[in-house]
Every structure is written in C-alpha cells, then in structure tokens.
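Enquirer: Here is my input; please provide its structure:
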Amino acid sequence: MKTGHFEIVTMLLATMILVDIFQVRKTGSLKTMVRKTRSLKTMV
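Expert: Numbering: from 1, shown residues only. Got it, this is the predicted structure:
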C-alpha cells in the first residue's frame, strides 16, 4: 500500500467526518452520524 494512496483516503475520511459533525450540529440527529460511520467502516 502506497503512502500517497493512504493520505488520500485519510483526507477523504477526515473531510467526511467534519461534514458529518457540522450536519449533526444543524439537525441534532446522532443516528444519522452513527449510520454514516458504520457505512464508512464497511467502505474502508
């Protein structure tokens, strides 16, 4: 596994997590965040 590929994956995950946090702050629903983190784990 190349370091460049790993960096891209971590960057994508970090941005998705940040977006999720902001969405949770707006809506206040933790269930959607849990669902998204589970789907992210299956993706990776």
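Enquirer: Please work out the average pLDDT along the one helix or strand I17 maps to.
Expert: Using DSSP states H and E, I17 falls within helix 3-27. The average pLDDT within helix 3-27 is 83.
Enquirer: Tell me how far Q23 lies from T10.
Expert: Per CB to CB, to the nearest Å, Q23 is found 20 Å from T10. Bear in mind the C-beta positions are built from the backbone N, C-alpha and C, glycine included.
Enquirer: Please apply the same query to V34.
Expert: V34 is 21 Å from T10, where distance means CB to CB.
Enquirer: And for V19?
Expert: From V19 to T10 the distance is 15 Å (CB to CB).
Enquirer: same check, this time on V24
Expert: V24 is 21 Å from T10, by CB to CB.
Enquirer: Have a look at the two and say which one is more surrounded.
Expert: A count of neighbours by other CB atoms under 10 Å puts V24 above the other of V24 and T10, at 16 against 11.
Enquirer: Quick one: neighbours of L18, just the number.
Expert: Other residues lying near L18 total 10 when counted by other CB under 10 Å.
Enquirer: when you give positions from now on, start the count at 37
Expert: Sure, I'll start numbering at 37, so the last one becomes L54.
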